[in-house]
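A.B. asks: missing the sequence, but the structure's below:
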């Protein structure tokens, strides 16, 4: 599903915005400010679950939304009833998106404070899209981050996203499956996500299948005849070790082996899975089915999976549902969208938001984002936010410093500096082609591998540094001093 296809079904999402975007837009319009060029950044302040990093996702859906901005007559009529004047309604009726947009590519590890999306253009346009910028990126980045944690906990074992029925609405199921795939899941239970995104749809049977037959053995044999080349049986409907495994073994012998295939697996969906998996593994091996995989499901997450494996669980793959698709342990990503500059007489005037909460003070100016890699290890050293136009010359030593504890400094050499963001739109026209989802998933895996283990650990991860260039730090400090004095 995409916003374009939604449009074909009559669902136009242009008006999916907070109402104050419209009240501000009308104010800009009526006061002659609508064409003022403004620069907005999206960034987030904290990594979910106390993790060391997050995963960028949702860029493709943001692109599709921005390509489809049209205020319908129904939208116009709704706003007319709210008291908006005709001149402003005519502006919306003829609305055309002309902004420039930059973004960190999907699958990239991202860190708090970084400008992961930047929008530059007429302030009305840049303001009106705020809600959907945040909605697209916040949701999918949250789920991709959770999925990546679960995949890493599984330590090389396959993880399947099984959460469609527990998602926060149908969009949450469909786009959540997409984000989970970027984060490293091998497939999804959501059939529509295979249709629309090419994500492998996976699954075999529910307990109701077993209950429909007079005996568990009959249920297993019938299913095995239908799918002898891909036979995975759910063995916990009645009793895993007393009936489930013995009946599965008998069904494999009767219906799978005679047809020239080997059984694919058995699934345990309840009970003490660690304990049961050891018993099941022993029974399958003794029956000659050493290659029959054991799949575990039932309210799993990265902590449970990690503990299961530490305790010696004999599980080959995991189906993870509600705690993944809802990111239930930390269900809010918390990205924000803030004005950082306006253009006046050909120059960018920095803008800053000051708060009693230091973490809420924004970093002003039109900026760029870089990642520095150690050439000897290919590991990421730090990220650096610079003024737009600044270039980090990696042929020369570069001094990093903590933007808060400025005496903490480090000079790096033998490194490669890479701009992290790509340009999505130029003058309102899309200039970026999203990679296919499999490529994005592989890119994510490769980029996470560039992080040190200390950054990727689940508990008390090492803080990855996001520094400011000297020039940007001076701009921010000068602006802070000026505003505080006022």
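C.D. replies: Yes, it's here. These numbers were taken from a predicted model, which means no experiment stands behind them.

A.B. asks: tell me which element residue 237 falls in.
C.D. replies: In this assignment (DSSP states H and E), residue 237 forms part of neither any helix nor any strand.

A.B. asks: who's in contact with it?
C.D. replies: Residue 237 makes contact with 207, 210-211, 216, 244 under the criterion Cβ atoms under 8 Å, 6 or more residues apart in numbering. Every C-beta, even on glycine, is put in place using the N, C-alpha and C of the backbone.

A.B. asks: Tell me which residues touch the most centrally placed residue in the chain, please.
C.D. replies: The geometric centre of the chain, computed from its C-alpha atoms, lies nearest to residue 141 (Cα atoms, centre = their mean), at 2.4 Å. Residues in contact with residue 141, defined by Cβ under 8 Å, 6+ apart, are 44, 54-58, 110, 179, 333, 335.

A.B. asks: Checking the nearest residue to it once chain neighbours are set aside next. Helix, strand or coil?
C.D. replies: If the residues on either side of it in the chain are set aside, residue 141 comes closest to residue 57, at 5.0 Å by Cβ to Cβ, 6 or more residues apart in numbering. In the three-state summary, residue 57 is assigned as coil, counting by DSSP: H, G, I helix; E, B strand; the rest coil.

A.B. asks: So what's the residue count around residue 57?
C.D. replies: 33 (other Cβ atoms under 10 Å).

A.B. asks: What of the one 5 residues further on?
C.D. replies: Other residues near residue 62 come to 25 when the count uses other Cβ under 10 Å.

A.B. asks: tell me which element it falls in.
C.D. replies: Once you assign secondary structure using DSSP H and E, residue 62 falls within helix 59-66.

A.B. asks: what does residue 295 give?
C.D. replies: Element membership for residue 295 (DSSP H and E) is strand 293-296.

A.B. asks: Show residues contacting that strand.
C.D. replies: Outside strand 293-296, the residues that reach it (Cβ under 8 Å, 6+ apart) are 232, 264-269, 273, 277, 280-281, 284, 308, 313-319.

A.B. asks: in this protein, which ranges drop under the pLDDT threshold?
C.D. replies: Low-confidence regions of the chain, defined by pLDDT under 70, span residues 1-10, 483-486.

A.B. asks: Which helix runs longest in it?
C.D. replies: Looking only at the chain and at elements set by DSSP state H, the helix with the highest residue count is helix 130-153.

A.B. asks: On the C-terminal side of that helix, identify the next helix or strand.
C.D. replies: Beyond helix 130-153 on the C-terminal side, the first helix or strand identified by DSSP H and E is strand 158-161.

A.B. asks: same for whichever helix or strand comes after that next one, what does it pack against?
C.D. replies: Note on strand 158-161: by DSSP H and E, the next helix or strand toward the C-terminus is helix 170-183. If you count contacts as 3 or more Cβ pairs under 8 Å, 6 or more residues apart in numbering; DSSP states H and E, helix 170-183 packs onto helix 130-153, strand 158-161, strand 187-188, helix 191-197, helix 322-325, helix 437-448.

A.B. asks: quick one, whichever helix or strand residue 119 is part of and helix 130-153 angle?
C.D. replies: Secondary-structure element containing residue 119, defined by DSSP H and E: strand 117-122. The directions of strand 117-122 and helix 130-153 differ by 170 degrees, with axes from the mean of the first three to the mean of the last three Cα atoms, to 10 degrees as the criterion.

A.B. asks: which residues are in contact with strand 117-122?
C.D. replies: 34-42, 62, 97-104, 126, 129, 133, 137, 337, 366-367, 421, 428.

A.B. asks: and the residues you listed, which of them are in helices?
C.D. replies: 62, 126, 133, 137.

A.B. asks: which of the residues you listed lies closest to residue 390?
C.D. replies: Distance to residue 390 across the ones in helices among the contacts of strand 117-122 (Cβ to Cβ) is lowest for residue 126, with 22.6 Å.

A.B. asks: Surely the closest one and residue 35 touch.
C.D. replies: No - in terms of Cβ atoms under 8 Å, residue 126 does not count as a neighbour of residue 35; the distance is 11.4 Å.

A.B. asks: neighbour-wise, which of these two wins?
C.D. replies: Applying other Cβ under 10 Å to residue 126 and residue 35 shows that residue 126 carries more neighbours, namely 24 against 13.

A.B. asks: what sits against the more buried one?
C.D. replies: With the criterion set at Cβ under 8 Å, 6+ apart, residue 126 makes contact with 38-40, 99, 119-120.

A.B. asks: switch the cut-off to 7 Å
C.D. replies: By Cβ atoms under 7 Å, 6 or more residues apart in numbering, residue 126 lies in contact with 38, 40, 99, 119.

A.B. asks: Which one of these is nearest to residue 440?
C.D. replies: Within those, distances to residue 440 taken as Cβ to Cβ reach their minimum at residue 119, with 22.0 Å.

A.B. asks: ok so, going back, please flag which of the contacts of strand 293-296 sit within helices.
C.D. replies: 273, 277, 280-281, 284, 308.

A.B. asks: closest to residue 458 among the residues you listed?
C.D. replies: Within the ones in helices among the contacts of strand 293-296, proximity to residue 458 (Cβ to Cβ) peaks at residue 308, which comes in at 14.4 Å.

A.B. asks: Hmm, residue 274 and the closest one touching each other?
C.D. replies: Yes - Residue 308 is in contact with residue 274 according to Cβ atoms under 7 Å; the separation is 4.8 Å.

A.B. asks: Which residue of those two possesses the greater neighbour count?
C.D. replies: Neighbour count, other Cβ under 10 Å: between residue 308 and residue 274, residue 308 has more, with 22 against 18.

A.B. asks: now the more buried one: how far from residue 166?
C.D. replies: For residue 308, the distance to residue 166 under the criterion Cβ to Cβ, to the nearest Å works out to 21 Å.

A.B. asks: What sits closest to residue 427 if chain neighbours are left out?
C.D. replies: Taking Cβ to Cβ, 6+ apart as the measure, residue 427 lies nearest to residue 98, with 5.5 Å between them; neighbours along the chain are not counted.

A.B. asks: contact partners of whatever helix or strand residue 454 lives in?
C.D. replies: Secondary structure here is read from DSSP H and E; on that basis residue 454 sits in helix 453-456. Applying Cβ under 7 Å, 6+ apart, the set of residues contacting helix 453-456 from outside is 52-53, 152, 448, 461-462, 464.

A.B. asks: next one: stretch 309-326
C.D. replies: Residues outside stretch 309-326 that contact it (Cβ under 7 Å, 6+ apart): 143, 146-147, 150, 154-155, 157-163, 166-168, 172-173, 176, 180, 273-274, 277-278, 281, 293-297, 299-301, 305, 308, 328-329.

A.B. asks: Show me which of these are buried.
C.D. replies: Buried residues within the contacts of stretch 309-326, defined by neighbour count using 16 or more other Cβ atoms under 10 Å: 143, 146-147, 150, 154, 157-163, 166-167, 172-173, 176, 180, 273-274, 277-278, 281, 293-297, 300-301, 305, 308.

A.B. asks: The nearest residue to residue 24 once chain neighbours are set aside: neighbouring residues, count only.
C.D. replies: Beyond its immediate neighbours in the sequence, the residue positioned closest to residue 24 (Cβ to Cβ, 6+ apart) is residue 127, lying 5.6 Å away. For residue 127, the neighbour count with other Cβ under 10 Å is 23.
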